[in-house]
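Novice: how would this look folded up:
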Amino acid sequence: MSAYWPFVVIGLFLGSIFALGALGQVLTYKTTGVFNFAYGATAMFCAFCYWQLHDSWHLTAWMALPLLLVVVAPVIGVGFEAIFRRLVGLSAEVSIVVCLAMLALAQVGATLIWGGQERGLEPVIPRSTFKLGTLYVGWDQLGTFVVACLMAGGLWWLLRHTRFGTATRAVVDNGDLAAIIGVSGNNVRRTAWIISSMFAGIIGVLLTPSQGLDTINLPLLVMASMAAAVLGRLVSFPWAFGGALGMGVLMSVLDKFSSSGTVANIKSSIPWFLLFVFLVVLGGKLKEPGVAATRGAGASTAQAGVHVDELVHRRRLPPSVLIGLVIFAVAVFLPALINQSYLFDTTSGVLFALVAITLVVLTGWAGQISLAQFSFVGIGVYAVGHLAGHHGQHFLLAALVAAVIAIPAGIVVGLPSVRLKGLYLALATLAFALIMDGVVFNAVGISGGLTGIFDSHPCVFGVSFGSTTSFYELSLWVLGAVLVLAYLLSLGPIGRRLRILRDSPLAASTLGVNLTVTKLVVFTGCGVLAALAGTLYGSYLGAVTAQDVSWQWSLELVLVVVLAGRSVLSGAVLAGAVFMVPAFFPNPTVQNYIQLGVALGVIGLGQNPDGTVALAVQEAKRTLSVLRPRPRRQLEFEPMARARPVEVGSHA
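Specialist: Below is the predicted model of the structure:
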């Protein structure tokens, strides 16, 4: 047993970091109804700010740390509160997407300000060791554990024995009553955001010296505290604190058996396994917060439903379809208009649009949010890499195998949707994506390790699509076929069933719609389509690494589709065009600014989740109504002419 004690001590250090993260997330969720997906990015950004103050500007730790906690962190907290104040009362999906946009904004902002290279950070607590019995314990490990306990105790006292704690419970339980008795909900929420941001700042300063300062791994490690927060049902501080410590110890003990290979991959994915299990087990007991009312939840979707219903009763094609046909016709003749290099870059937009369609159907039409679509793309990518052959002669076999593998994977992702929705479904799909990244795509036998794997171009029935033009045409015609099929499905009973599932699950079950089967089918179908798109995507890339199908791509896909239009097929095409732009500008700075623009656009559209396509249509209708010609003059005076004899007769 004594051989495990060093790993337990190290695990308490890691668990203390998880505990601080879980407490900060529970605090904001209990108070504001917002689960902060950007909490890890906030810790990362605060760590960069501390590096700027301490390492770059050479301020002492006694000056840099107070500036971080008293100035920088509160400013970040006030910014969060100002953004989410506009969203109070909207559906949970809106706050989820805006949080994801804040996550991307922090990552891109830190890259633009400080560069993408990893940095070191001088520890605040000395890393020297002292002997405790037979163990050598680091002062930084003990100090982190003590800080976590003190901050947890301080937060518990603050919520139990101060007016802020009483006001917090009043705002959460009954906001209207809180306003009557003089409690300002905005002030309470602002204070909660500030305290949570201060927790994030401490996490970043304590964790970075041992883990390194970067924009990807550091936020992800802090986000692992989500599992402990869910264990506490996002409301219990003691359960969240204890679960975080236990999770840290479990991850550390696994290091005793192996620090590399499959065991190490499983160890790094323990938080996501636990998160997925907790969500499935506690699904029926997890509830949305009281402050996250559903005002306006069905506004956007209802408009989309009315739009499709109008199409059903129209005999002529709507303008959007005619415009789409014109664009497709231009795309068909595009190889004759541009050179091969530009055509190759355009193919990336076609393939991303194909993947984006799955998110439109799943999220926009069925109302089932997913943060794991690129995990299914990865299934197709690696199926081609292992089975298609050097010349792509077995491409159809690889595509069939990818579809077969995607079916059980889609069922696994869809199972939580039977009992979960909104926030908890998003967490479950995120956990699935990170498990695939950590365990499956990180396995050397599957992904090829750092060198990656080669995907050949397809060869179908003896016809090779190895040239740029032929591969573009194949991708374009596949996209066109999927668009037509999706459009026809939206007009039929399947489309109506999906809209009923999205707008009113209770009404759907009353009308005889089997919710369980429908959710599993839509998750599985969209997963299969994403895997088939992945077979083409892998061929487009040629050399593929695990980074090409990581959860970050799923995050960007969600943001771009929401910005373009999550409920319309034209939004998927526009999303593909946005993804295509960085291919024409390979400069990393340009790509970062595009990501920054997408994140800011999603945040700006928080109250209008229909996206830019819907806004453009609304503005076009408004403009056309203003430009509509006035009625003829004789029609204006005709009612008066009819009324005049009646007036004379009645007067007489």
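Novice: Could you count how many residues lie near Gly77?
Specialist: 24 (other CB atoms under 10 Å). Bear in mind the C-beta positions are built from the backbone N, C-alpha and C, glycine included.
Novice: Test my guess that it contacts Phe199.
Specialist: No - under the criterion of CB atoms under 8 Å, Gly77 is not in contact with Phe199, lying 10.0 Å apart.
Novice: Between those two, which contacts overlap?
Specialist: Here Gly77 and Phe199 share no contacting residue, scored by CB atoms under 8 Å, 6 or more residues apart in numbering.
Novice: need the strands for the stretch 501-650 of the chain, in chain order.
Specialist: 543-544 (DSSP state E, counting those that start in this stretch).
Novice: So, low pLDDT: which residues of it?
Specialist: Across the stretch 501-650 of the chain, the ranges flagged by pLDDT under 70 are 607, 609-610, 613-614, 616-650.
Novice: mind redoing it with 90?
Specialist: In the predicted model, the stretch 501-650 of the chain carries pLDDT under 90 at residues 501-519, 542-543, 546, 563-571, 579-592, 595, 601-650.
Novice: which residue is nearest the middle of this structure?
Specialist: For the chain, the residue nearest the mean C-alpha position is Leu555 (4.3 Å; CA atoms, centre = their mean).
Novice: Relative to Gln107, how far out is that residue?
Specialist: In this structure, Leu555 and Gln107 are 9 Å apart, going by CB to CB, to the nearest Å.
Novice: pretty sure Phe80 is in a strand, no?
Specialist: No - Phe80 sits outside any strand when classified using DSSP: H, G, I helix; E, B strand; the rest coil, being helix.
Novice: Tell me who's in contact with it.
Specialist: Counting by CB under 8 Å, 6+ apart, Phe80 makes contact with Asn36, Met102, Trp193, Ser197.
Novice: so is the first one in a helix, a strand, or just coil?
Specialist: Per three-state DSSP, the local secondary structure of Asn36 is coil.
Novice: 746 is where my numbering starts, stick with that
Specialist: Got it, the first residue is 746 from now on, which makes the last one we talked about Asn781.
Novice: Now it: closest residue in space, sequence neighbours ignored.
Specialist: Among residues not flanking Asn781 along the chain, Thr773 sits closest, at 5.3 Å (CB to CB, 6 or more residues apart in numbering).
Novice: and the one you found, what does it touch?
Specialist: Thr773 makes contacts with Val779, Phe780, Asn781, Ala937, Trp938, Ser941, as judged by CB under 8 Å, 6+ apart.
Novice: Which helix or strand contains it?
Specialist: Using DSSP states H and E, Thr773 maps to helix 750-777.
Novice: Give the rounded mean pLDDT of that helix.
Specialist: Helix 750-777 shows a mean pLDDT of 86.
Novice: contact partners of the helix or strand following it?
Specialist: Beyond helix 750-777 on the C-terminal side, the first helix or strand identified by DSSP H and E is helix 784-796. Contacts with helix 784-796, where a contact means CB under 8 Å, 6+ apart, come from 766, 769-770, 781, 809-810, 813, 817-818, 821, 847-848, 850-852, 854-855, 858-859, 864, 866, 941-942, 945-946, 948-950, 952-953, 958-960, 963-968, 970.
Novice: now with 6 Å?
Specialist: Defining contact as CB atoms under 6 Å, 6 or more residues apart in numbering, one finds that helix 784-796 is touched by 770, 809, 813, 817, 848, 851-852, 855, 859, 866, 945-946, 948-950, 953, 958, 963-964, 967-968.
Novice: ok, then the element right after that helix?
Specialist: As assigned by DSSP H and E, the chain's next helix or strand after helix 784-796 is helix 806-812.
Novice: And that next one, what's buried?
Specialist: Using 16 or more other CB atoms under 10 Å as the test for burial, helix 806-812 gives Ala809, Leu810, Leu812.
Novice: again, but for stretch 978-993
Specialist: Quick answer for stretch 978-993 (16+ other CB under 10 Å): 978-979, 982, 984-993.
Novice: sec struct for the closest residue to Thr1214 other than its chain neighbours, please.
Specialist: The shortest distance from Thr1214 to any non-neighbouring residue, by CB to CB, 6+ apart, is to Pro1080 (4.7 Å). Using three-state DSSP, the structure places Pro1080 in helix.
Novice: I'd like to know how far Pro1080 sits from Leu1099.
Specialist: Distance, Pro1080 to Leu1099, by CB to CB: 18 Å.
Novice: Comparing the two, which shows the higher neighbour count?
Specialist: Leu1099 (26 against 19).
Novice: if I read this right, the more buried one contacts Gly1279, doesn't it?
Specialist: No - contact between Leu1099 and Gly1279 fails when scored by CB atoms under 6 Å: they sit 9.6 Å apart.
Novice: Reformat the buried residues of helix 806-812 as TSV; add pLDDT and distance to Gly1194.
Specialist: Output for the buried residues of helix 806-812, formatted as TSV (pLDDT from 0 to 100; distance: CB to CB, whole Å):
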residue	pLDDT	distance to Gly1194
Ala809	93	39
Leu810	93	40
Leu812	95	42
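Novice: Mind putting those into a markdown table with distance to Leu1243?
Specialist: Below are the buried residues of helix 806-812 laid out as a markdown table (distance: CB to CB, whole Å):
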| residue | distance to Leu1243 |
| --- | --- |
| Ala809 | 53 |
| Leu810 | 52 |
| Leu812 | 52 |
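Novice: tell me the angle the helix holding Thr773 makes with helix 784-796.
Specialist: Put simply, helix 750-777 runs at 110 degrees to helix 784-796, going by axes from the mean of the first three to the mean of the last three CA atoms, to 10 degrees.
Novice: What is the least confident helix or strand in the chain?
Specialist: In the chain, the helix or strand scored least confidently by mean pLDDT, DSSP states H and E is helix 1044-1058, which has a mean of 42.
Novice: so what are the domain limits for this protein?
Specialist: 747-1030, 1044-1359, 1366-1396 (automatic domain parsing).
Novice: now the residue lying closest to Phe758 once chain neighbours are set aside: how far from Ala792?
Specialist: The shortest distance from Phe758 to any residue other than its chain neighbours is 4.0 Å, reached at Gln886 (CB to CB, 6+ apart). Distance, Gln886 to Ala792, using CB to CB: 18 Å.
Novice: Repeat that for Val980.
Specialist: 28 Å.
Novice: same check, this time on Gly1069
Specialist: For Gly1069, the distance to Ala792 - CB to CB - is 46 Å.
Novice: of these two, who's got more company?
Specialist: Neighbour totals were compared for Gly1069 and Ala792, and Ala792 leads with 30 against 19 (other CB under 10 Å).
Novice: The more buried one and Val771, how far apart?
Specialist: Using CB to CB, one obtains 22 Å as the distance from Ala792 to Val771.
Novice: Ok, Gly1321 next?
Specialist: 38 Å.
Novice: Show me what stretch 1309-1327 is in contact with.
Specialist: Residues outside stretch 1309-1327 that contact it (CB under 6 Å, 6+ apart) are 1049, 1065, 1093-1094, 1097-1098, 1101-1102, 1105, 1108-1109, 1228, 1231, 1305-1306, 1336, 1339, 1356-1359.
Novice: Which of these fall in helices?
Specialist: Those of these mapping onto helices are 1049, 1065, 1093-1094, 1097-1098, 1101-1102, 1228, 1231, 1305-1306, 1336, 1339, 1357-1359, per DSSP state H.
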